[in-house]
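In: My questions are about this predicted structure, shown below with the sequence.
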Amino acid sequence: MQRARIHITGIVQGVGFRPFVYNLAVRLKLTGWVKNTSAGVDIEVDGEKNILDDFIQSLRDEAPPLSHIDTLSASFLTENGFGAFEIIHSESVEGAFQPISPDVAICDDCLRELFDPLDRRFHYPFINCTNCGPRFTIIKDIPYDRPKTTMSGFELCPDCAGEYQNPLDRRFHAQPLACAVCGPKVTFERLNMGALADSEDAISATRRALSNGEIVAIKGLGGFHLACDATNTAAVKELRQRKLRVDKPFALMMPNVEVVKQHCFVSADERELLLSAARPVVLLKRKPESNIVEDVSPELDWLGVMLPYTPLHYLLFFDALHSSSALLAPLVLTSGNLSEEPIAVDNDDAHEKLAKLADAFLMHDRDIHIRCDDSVVRVFDDPDGYKTPDRKLIYPIRRSRGYSPFPVKMTKGTPQLLAVGSELKNTFCITNGDYAFLSHHIGDMENYETLRSFEQGVEHFEKLFRVKPVAIAHDLHPNYLATRYAIERAERQDLPLIAVQHHHAHIAACMAEQGLDEPVIGVAFDGTGYGEDGAIWGGEFMIADYKNYQRAAHLEYFPLSGGDAAIRKPARAALALLWSLDLAWDEDLAPVKEFSAQELTVLRNQLQKKINTPQTSSMGRLFDAVSALAGGRQTVNYEGQAAVEFEALADSSQESYPFSIESNCIQVKEVLAAIIQDVRMEIPRSRISARFHNGLAETVLNVVKKISRESNLQSVVLSGGVWQNVTLLRKTLILLRKNGFRVYIHREVPTNDGGLSLGQAAIAAARLRG
Ligand SMILES: [Zn+2]
Ligand SMILES: [Zn+2]
Ligand SMILES: [Zn+2]
């Protein structure tokens, strides 16, 4: 007889791990204890050596579905003489930390109970168990126990307490455990009218309001949504108008996969992703026969769809009998905020901020401790039948609810760092030991409210993961709010600052998540990023490792007349590009028609005198300009809109435009001349788009080949916002692989600026290691 002392780290709390250990120990007739600590899970057991070995093997093999073991260490001592096996009280270990679980969609067992009239939680909107429910958004501190969550104010009723204490119950130690007697409640409210507090009444009132075309603010897991009937044109238009959100696509929620298939094409992989515990918004190709209002996703060939993920969502969609006859129509479910402010989370805030946006509220009294927007992903299956070892098909666009704060494992231990990200679609990243914790989606850091939300997020993460940064990494751009935060804080706390070039950070982010530790050829195609020379970069080829990079080639510079004005008006970018290439502003060209003769004179003057015309090598702006020239959108309502629509047009044509490369610059004069000629010959825009995409993919191959010849490097990393264009991504991947290159793309964090802070952290760690 011996005693085994076991220590486990990873995601092992809030995922039913202790009950699993308990049951396993009882099954093997072992005695001892298991407990949570802030560093992981500790176990001590008495038993015969061979049974102890079985026990340890089973800990790994049979761990609960939501857990994720990073390390398991065991040592053997003399027998203790334990009388039984028990779960003992959690303890805090000074300075210790461990990952915590993201929020998890309702599991099948809970869903069954939710619609079982004989179950005591029949129709209870907050049903959950050790395998499902809120986690990240309700945790105030670790170790993860009920008193340290927003459930602390709800005292368990005797029935719930019985389940909580019974190791054989599937709600044993489920921290958010609740029922209609003791748990949170929903209410339905209208302005100046009394609230409906009965759960059934509140939910049917919400269903009625939605069916009548009203807009309802619904409190969810990570914040409020604004919901309306997605098949009702007037309702969708009204929501757009109230939210001041022009053209940006709205996310949808549909009751089940069968309904999704009525509106979208759904592959087996997409189905799997829709149904996964993270329940992200999945971008799916729209079917022509779908009756979802055009205005939900204007000019795009896809819809962003998610399935219900809380019991409350299920109760909304399905009637009392869980029958399909009374299904609610698909809903628009967009974040509850005004334009670009952070999503509302607490009830008072929602009352104040959403009063003008919503006709009614579906509220509840379980507090959200940290806001967390819905995640957005798409399936990108590697072309050519190439499969990554674990066949990861996710191509993340926004990594937030359901994924954050799941850490990215770093190949080398890192010091405690904070990386603040850049500006658009921002996230921050903190590191500790082997982990990089990328934050939930913070949003575009262009206003005070978002900055506040960022600061609160940083504070929360530092507390949860016990981090006191020894340095702060930031973008080179001096005026980003995140950069200013970094500089002020570094001064206040006397910390070193590490400035990181934007596109180097993109490449390093992909290297870090892929665990690469060798120099690579990085292709960073992007909208905007501050360059070392003060120009706006974004069409970059670099030789990079974590510490340094060398700019090996780039898109030739052109002036961006009016700076940010050119981002809002692709016609401007087109004219500036033509001007810089000595191509005439002929009257028949679409971008020229956008301006009066007088405006054209002003514009020309501005370009000649270089007034407010920063130089750029931005691939995003080239896409804007080309799209405008081909007759596409001349003014955009959100960054990248022209490029996204231009991609959606591309047909299957194999021809390509002739890019050329001169002294490490990609030249586009011939391409533009050819496009103008095609437009005049009335070649369809779909063909022009395909030719442009094909030509650009071939150019990437040619430049990469040249750099590879000179550097002997064979690994290529593709990162930056432009690679959200999967048409370009697919074509480029096929060409590079055919030519023997190892190509890496993002699978864990977004290729856009939402993944950037991970790269900043990886670079800062490497520089500190020296
Ligand atoms: Zn469950
Ligand atoms: Zn209860
Ligand atoms: Zn970027």
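Out: It's in. Ligands and ions are numbered 1, 2, ... in the order given.
In: Report how many residues lie close to residue 534.
Out: 9 (other C-beta atoms under 10 Å). All C-beta atoms are positioned from the backbone trio N, CA, C, and that covers glycine.
In: Apologies, that question was intended for residue 65.
Out: 11.
In: what do you get for residue 270?
Out: With other C-beta under 10 Å as criterion, residue 270 counts 23.
In: do the same with the one 10 residues further on
Out: Other residues within reach of residue 280, judged by other C-beta under 10 Å, total 28.
In: One more: the one 10 residues further on?
Out: Counted with other C-beta under 10 Å, residues neighbouring residue 290 total 16.
In: Now it: closest residue in space that isn't a chain neighbour?
Out: Leaving out its chain neighbours, the residue that sits closest to residue 290 by C-beta to C-beta, 6 or more residues apart in numbering is residue 263, at 3.9 Å.
In: gap between that neighbour and residue 329?
Out: 11 Å (C-beta to C-beta, to the nearest Å).
In: Now do the end-to-end distance for stretch 120-129.
Out: 14 Å (C-alpha to C-alpha, to the nearest Å).
In: on that earlier part again, how about the contacts made by the residue nearest to residue 290?
Out: 254, 286, 287, 290, 291, 292, 303, 305, 330 (C-beta atoms under 8 Å, 6 or more residues apart in numbering).
In: Now do the SS call for the residue in the stretch 501-650 of the chain that ligand 3 sits nearest to.
Out: Using C-beta to the ion, the point where the stretch 501-650 of the chain gets nearest to ligand 3 is residue 526, with a distance of 4.1 Å. Put simply, residue 526 is strand when judged by DSSP: H, G, I helix; E, B strand; the rest coil.
In: Surely it touches residue 616?
Out: No: applying C-beta atoms under 8 Å, one finds residue 526 not in contact with residue 616, separated by 10.7 Å.
In: Now do the shared contacts for those two.
Out: Common neighbours of residue 526 and residue 616 (C-beta under 8 Å, 6+ apart) are 537, 538.
In: okay if I get the contacts of residue 263 as CSV plus pLDDT?
Out: Below are those laid out as CSV (pLDDT from 0 to 100):
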residue, pLDDT
254, 96
286, 96
287, 97
290, 96
291, 96
292, 97
303, 97
305, 98
330, 95
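In: pLDDT wise, what is whichever residue of the stretch 401-550 of the chain sits closest to ligand 1 at?
Out: For the stretch 401-550 of the chain, the residue closest to ligand 1 is residue 402, as judged by C-beta to the ion, at 15.0 Å. With respect to pLDDT, residue 402 scores 95.
In: and it, what element?
Out: Counting by DSSP states H and E, no helix or strand carries residue 402.
In: Residue 416 reaches residue 469, doesn't it?
Out: Yes: contact criterion C-beta under 8 Å: residue 416 and residue 469 qualify, at 5.5 Å.
In: what's the overlap in contacts for those two?
Out: Common neighbours of residue 416 and residue 469 (C-beta under 8 Å, 6+ apart) are residue 430.
In: Name the residue in the two with the higher neighbour count.
Out: residue 469 (22 against 17).
In: where's that one relative to residue 95, distance?
Out: The separation that residue 469 has from residue 95, given C-beta to C-beta, amounts to 14 Å.
In: And for residue 374?
Out: From residue 374 over to residue 95 (counting by C-beta to C-beta), the distance is 34 Å.
In: Those two: who's more crowded?
Out: residue 374 (27 against 10).
In: What residues of stretch 67-83 count as buried?
Out: 67, 68, 69, 70, 72, 74, 80, 82 (16 or more other C-beta atoms under 10 Å).
In: Can you give the contact residues for it?
Out: Residues beyond stretch 67-83 that count as contacts (C-beta under 8 Å, 6+ apart) turn out to be 1-12, 15-17, 20, 31-33, 44-46, 49, 52, 56, 59-60, 63, 99, 406, 409, 434.
In: And for stretch 211-220?
Out: 206, 209-210, 224-229, 232, 234-235, 238-239, 242, 310, 312-313, 316, 328-329, 333, 336, 344, 347, 350, 354, 357-364, 368.
In: Just the terminal-to-terminal distance for that stretch.
Out: 19 Å.
In: count of residues packed around residue 631?
Out: 14.
In: wait, isn't it in contact with residue 592?
Out: No: Residue 631 lies out of contact with residue 592 (C-beta under 8 Å); the separation is 11.8 Å.
In: Next, the distance between the ends of stretch 677-690.
Out: 15 Å.
In: Identify all contacting residues around it.
Out: Counting by C-beta under 8 Å, 6+ apart, 588-590, 629-632, 646-647, 649-655, 675, 691 sit against stretch 677-690.
In: So which residues of the stretch 601-750 of the chain form strands?
Out: Along the stretch 601-750 of the chain, counting by DSSP state E, counting those that start in this stretch, strands occupy 615-616, 660-662, 665-667, 715-719, 742-744.
In: Can you spell out which helices and strands pack onto the helix or strand residue 36 falls within?
Out: Assigned by DSSP H and E, residue 36 belongs to strand 31-37. Contacts defined by 3 or more C-beta pairs under 8 Å, 6 or more residues apart in numbering; DSSP states H and E place strand 31-37 against helix 17-27, strand 40-47, strand 85-87.
In: try it again with 6 Å
Out: The contact analysis (3 or more C-beta pairs under 6 Å, 6 or more residues apart in numbering; DSSP states H and E) places strand 31-37 against strand 40-47, strand 85-87.
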